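In: What follows is a predicted structure for the sequence shown.
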Amino acid sequence: MKTTAFILLGGLIGWGLVKEASLDRDRALLEEIRAAEKTLSYRARRNIVHPDGRMKVVEVRGPGSGQPRFRRIETILRNYTLERQGRETVAGRQADRLELRPRHPGRSSCRLWADAGNRFLLRFQVLAPGGAPVFDLSHESIDFGPAFGPEDPAGPPDVAPPAIRRELVRDLRDLRYLIFDAWLPGKLPEGFEARSVEIVRAKDAFEGLMAWYSDGIAWILIVEFRADNPLWQHLRSAIAGLLPAEAATPGEVLARRIAHPAGSLMNATLGETEIFAAGQVNGEEMERMFRTLEKAGD
Amino acid sequence: MPECELFREAIFDYVNGSLESGELQGFRRHFEACPTCAEALRTIESQEAALAALPRPKAPDTLWPGIRQALADRALLCRVERPRRRTAGWLAVAAALVAAAAGVIALTGRARREKPGLPVRVVDVSMRPGAGLIGRMVPAYEDPDASARILEALLERDR
């Protein structure tokens, strides 16, 4: 009996140590990929296929030019497992293929092709839960070298104050001073963390709010402003004519949900506040989060 | 951190004579080279001298006996209260356990009531072809901030 208990305990400890070592290796690899994006000087020809099918080919120079960034590696490791899948050739270079698989069902997974030598991300692909690719960023060709820094900006910097100001909210109680009621989710989809809340102001008294949430790879953005603001007319024109003929009954909130290849969007009017939530989560998760909206700043 | 800022942080340590010899050399080098910081040091030194020249008030003779008595009274109070506090302590622990048990039952039992959500009726609508603007509100994988820049662009256009 004692022997069995000791063997079990030893096994548990051993398993824990192995798991910890594996996490350390995953962490180190993601950190190398992040560092490569920030520090390597390169010029490349990049293809991007967006979720809505738009394709773009761009000539880019780095470091740091439009690559996916792994900002919070611990958050990624909490919400995704990293699998090594062998070696392939991308842009004429040897690359290790990796896959970040979500721990939570219904989320997209990501495939990464990291240069075998310097860990630069040569290709990044997002796959919907069913396996269909929804985003693909890849390099046709790439050269690394100290001479290929980012191109110098043309002319002197613009000294005029920005027309649009974004201010980070450090205390949510400050939201009570907005010209509309701010609503924030009481419960986020599993694994998501709040990243930032910003107030956006334009010279002619436009005031809006942007709240950002992420699970390390997927993002959700909530945008809010007064429902009678002219900006909403631009957005409304994109979905006008598609609204149902029925109106909300008293006491009810009518929310429109729009499916998107990369996730979903929801829109509703709460009192005098127009709310738009858009994110890389499916419609069910978005709806569950939407239902937990509560007034912020109280 | 800029040198002047480091200097300002170390000024009072210097005036009190508590800088290490290595720090002292660096400190002296800076105020010999920086007229602004040298002026700040001279101001502080003159303030210290002015404060030191003020008369020190003498404590009354009854001060220390009064403090000693207050400490003794407090000790007596604590000793008298201790037996009651011990009983109160056990009661508090018991009450906490009961409350915790009630909390667990409330959370896991049928009596649990979740915070009611918004009364939302969800209607699924389609994005019409070409309505790329709405689609771009979904954060982009390569640059999540692009969605925010679309809003900024709309605001610019609208002005």
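Out: Good, I have the coordinates. Residues are numbered from 1 along each chain as shown, chains lettered A, B, ... in the order given.
In: from what I can see A:G186 touches A:T292, true?
Out: Yes: counting by Cβ atoms under 8 Å, A:G186 touches A:T292, with 3.9 Å between them. The way it works is simple: take the backbone N, C-alpha and C, and place the C-beta from them, glycine included.
In: can you pull out the strands in chain B?
Out: Counting by DSSP state E, one finds strands in chain B at the ranges B:120-125.
In: same deal with the stretch 101-250 of chain A?
Out: Taking DSSP state E, counting those that start in this stretch as the test, the strands found in the stretch 101-250 of chain A are A:109-115, A:121-127, A:133-144, A:164-168, A:183-185, A:193-202, A:206-214, A:219-226.
In: Lowest average confidence across those, which one?
Out: Per-stretch mean pLDDT for these is lowest at strand A:164-168 (a mean of 85).
In: Give me the pLDDT value at A:N267.
Out: The model's pLDDT for A:N267 equals 88.
In: In terms of helices and strands, where is it?
Out: strand A:263-270 (DSSP states H and E).
In: returning to that earlier point: columns mean neighbour count on top of the strands of the stretch 101-250 of chain A, output as CSV?
Out: Putting the strands of the stretch 101-250 of chain A into CSV (neighbours: other Cβ atoms under 10 Å in any protein chain shown) gives the following:
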stretch, mean neighbour count
strand A:109-115, 21
strand A:121-127, 22
strand A:133-144, 18
strand A:164-168, 13
strand A:183-185, 22
strand A:193-202, 17
strand A:206-214, 22
strand A:219-226, 24
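In: Centre-most residue in chain A?
Out: Taking Cα atoms, centre = their mean as the criterion, A:W219 is the residue nearest the geometric centre of chain A, at 3.0 Å.
In: can you pull up the bridge partners for it?
Out: Here A:W219 sits in beta bridges with A:S214, going by DSSP bridges.
In: Next one: it relative to B:L151, how far apart?
Out: 15 Å (Cβ to Cβ, to the nearest Å).
In: can you count the residues close to A:G186?
Out: When neighbours are defined as other Cβ atoms under 10 Å in any protein chain shown, A:G186 has 14 of them.
In: for B:L97, same thing?
Out: 10.
In: Tell me the spacing between it and A:A211.
Out: Distance, B:L97 to A:A211, using Cβ to Cβ: 40 Å.
In: before we move on, what about B:L71?
Out: Distance, B:L71 to A:A211, using Cβ to Cβ: 54 Å.
In: do the same with A:P185
Out: On the measure of Cβ to Cβ, A:P185 and A:A211 end up 8 Å apart.
In: Please identify every residue contacting each of those two.
Out: Taking Cβ atoms under 8 Å, 6 or more residues apart in numbering or on different chains as the contact rule, A:P185 and A:A211 both touch A:I222.
In: Quick one: distance of stretch A:172-184 to the chain centre.
Out: Distance of stretch A:172-184 from the chain centroid (Cα atoms, centre = their mean, to the nearest Å) equals 24 Å.
In: which parts of that stretch are buried?
Out: Across stretch A:172-184, burial judged by 16 or more other Cβ atoms under 10 Å in any protein chain shown covers A:L175, A:L178, A:F180, A:D181, A:A182, A:W183, A:L184.
In: so where is the chain shaky, pLDDT-wise?
Out: Just going to use chain A. Residue ranges of chain A with pLDDT under 70: A:65-67, A:148-163, A:203-205, A:232-248, A:298.
In: To clarify, I was referring to chain B.
Out: B:1-2, B:74-94, B:96, B:98-115, B:127-134, B:153-159.
In: The helix or strand encompassing A:R288 near chain B at all?
Out: Using DSSP H and E, A:R288 sits within helix A:283-290. Yes: using Cβ under 8 Å from any Cβ of the partner chain, we find that helix A:283-290 touches chain B at A:G283, A:E287, A:F290.
In: anything in stretch A:51-61 sitting right up against chain B?
Out: Yes: Stretch A:51-61 reaches chain B (Cβ under 8 Å from any Cβ) through A:P51, A:D52, A:R54.
In: From these, list just the buried residues.
Out: Using 16+ other Cβ under 10 Å, the buried members of the residues of stretch A:51-61 next to chain B are A:P51, A:D52.
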